[in-house]
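>>> just need the structure, nothing else, for what follows:
(one chain, ligands or ions: 1)
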Amino acid sequence: MSTTDYPVDMSVQPEVTAFFDAATNTISYVVKDPASSACAVVDSVMDIDYAAGRITYDHADQIIRFIQDKGLTLEWLIETHVHADHLSAAPYIQAKLGGKLGIGDKITVVQDTFGKIFNEGTEFQRDGSQFDRLFSDGDNYKIGSMPAFAMYTPGHTPACMVHVIGNAAFVGDTLFMPDGGSARADFPGGDAGVLYDSIQKVLSLPDDMRLFMCHDYGPNGRDIHWETTVGEEKAHNIHVGGGKTKEEFVKFRTERDAQLDMPKLIIPSLQVNMRAGQLPPADESGKRFLKVPLNGL
Ligand SMILES: [Fe+2]
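A predicted model of the protein is given here:
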């Protein structure tokens, strides 16, 4: 779909509350309908001490407490993509507060890729059935009375989607803040040229569309920020702003990606997030384990 075909409605202004996770530089959001008590959670985080193999839920508990204290009804848990740098807490939050869990329908491609890399057996379903809703390009949904839709924005991963809720867009890992640039495109299934096209799609939303980042690393020592606008990104984004061409972007992105280390939590993140945030199934002893594929990534 071209951007003009998406049902943009700038008159709806959701109330957005951010929850920054310092361990992974992830920003999770509660997005509330101004006209009702309905809300959605976008990209939650489950805490892991990977060295110790210990899972905890402090970050998710903050979000749960916020929703309970305000008396909100959680209708949706949205994952912008299968994250490679943090574990999703969506099933944990869903078990306490309800709501439907949704991700892009290209999750099946990601499940297929990583199902092979982690040599998962046939009990690992690769049809996205771990989620309640699989969005395809332009699919609509509602949070209370707020209109929301999802658009395909592959490139960082095949299943990336940007969710547009009224005048707020949750960009996942397509764009970072203007001084942060863009996400890497070198994971299995990633593609710098495809990412460029997806970013152009985001940048053709209205200039005053609010954009909410999934990550910020506070480049050059600045404080952490997570909100900007399409207009700001178009003018100032260091990787794509000021009319950078696709060729310039692909060359830069490819060279940069070749120098990046793997994210510290990629191995546990993929195994959990490709299961919609569920831990791998217990073995016959009742214990759960994560795998480390040697020379597999
Ligand atoms: Fe990501």
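
>>> in what helix or strand does the residue of the chain found nearest the ion lie?
Using Cβ to the ion, the single residue of the chain nearest to the ion is Asp173, 3.7 Å away. Every residue, glycine included, has its C-beta placed from N, CA and C. Under the criterion DSSP states H and E, no helix or strand holds Asp173.

>>> in stretch 244-264, what's buried?
Under the neighbour-count criterion of 16 or more other Cβ atoms under 10 Å, stretch 244-264 has 249-250, 252-253, 256, 263 buried.

>>> which one of those residues is nearest to Phe20?
Nearest to Phe20 among those is Pro263, at 17.3 Å by Cβ to Cβ.

>>> might one say that that closest one is in contact with Leu270?
No. Judged on Cβ atoms under 8 Å, Pro263 makes no contact with Leu270 at a distance of 9.8 Å.

>>> what do the two both touch?
Ala84 (Cβ atoms under 8 Å, 6 or more residues apart in numbering).

>>> for the residue of the chain closest to the ion, what are its contacts?
80-81, 83, 156-157, 160, 183, 214-215.

>>> my read is that Lys234 contacts Lys244, right?
No. Assessed by Cβ under 8 Å, Lys234 is found out of contact with Lys244, at 10.6 Å.

>>> so which strand or helix has Phe249?
helix 246-257.

>>> what does that helix contact?
182, 184-186, 192-193, 195-197, 239-240.

>>> what's the neighbour count on the nearest residue to His239 once chain neighbours are set aside?
Computed as Cβ to Cβ, 6 or more residues apart in numbering, the closest residue to His239 that is not its neighbour in sequence is Gly181, at 3.6 Å. Look at Gly181: counted by other Cβ atoms under 10 Å, it has 19 neighbours.

>>> where's Gly181 relative to Tyr217, distance?
Using Cβ to Cβ, to the nearest Å, one obtains 10 Å as the distance from Gly181 to Tyr217.

>>> which SS state does Asn220 fall under?
helix (DSSP: H, G, I helix; E, B strand; the rest coil).

>>> how about the residues of the stretch 1-150 of the chain by the ion?
His83 (Cβ under 5 Å from the ion).

>>> try 6 Å this time
Within reach of the ion by Cβ under 6 Å from the ion, the stretch 1-150 of the chain has these residues: 81, 83-84.

>>> let's see which of these end up in strands.
Counting by DSSP state E, no part of those is found in strands.

>>> can you put these in a markdown table and add pLDDT?
Listed next are those as a markdown table, based on pLDDT from 0 to 100:
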| residue | pLDDT |
| --- | --- |
| His81 | 97 |
| His83 | 96 |
| Ala84 | 95 |
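
>>> show me which of the residues you listed is closest to Gly286.
His83 (27.6 Å).

>>> show me where the stretch 151-297 of the chain has its strands.
For the stretch 151-297 of the chain, the strands defined by DSSP state E, counting those that start in this stretch occupy 161-165, 168-170, 210-212, 227-229.

>>> of all these, which one comes closest to Asn295?
Comparing those by Cβ to Cβ, strand 161-165 comes nearest, at 31.1 Å.

>>> which elements pack onto the closest one?
With contacts defined as 3 or more Cβ pairs under 8 Å, 6 or more residues apart in numbering; DSSP states H and E, strand 161-165 has these neighbours: strand 146-152, strand 168-170, helix 192-203.

>>> want to throw these into JSON lines with distance to Thr113, mean pLDDT and mean neighbour count?
Below are the helices and strands packed on strand 161-165 laid out as JSON lines (distance: least, Cβ to Cβ, whole Å; pLDDT from 0 to 100; neighbours: other Cβ atoms under 10 Å):
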{"stretch": "strand 146-152", "distance to Thr113": "17", "mean pLDDT": "98", "mean neighbour count": "23"}
{"stretch": "strand 168-170", "distance to Thr113": "24", "mean pLDDT": "98", "mean neighbour count": "24"}
{"stretch": "helix 192-203", "distance to Thr113": "15", "mean pLDDT": "98", "mean neighbour count": "21"}
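
>>> many thanks, have a good one.
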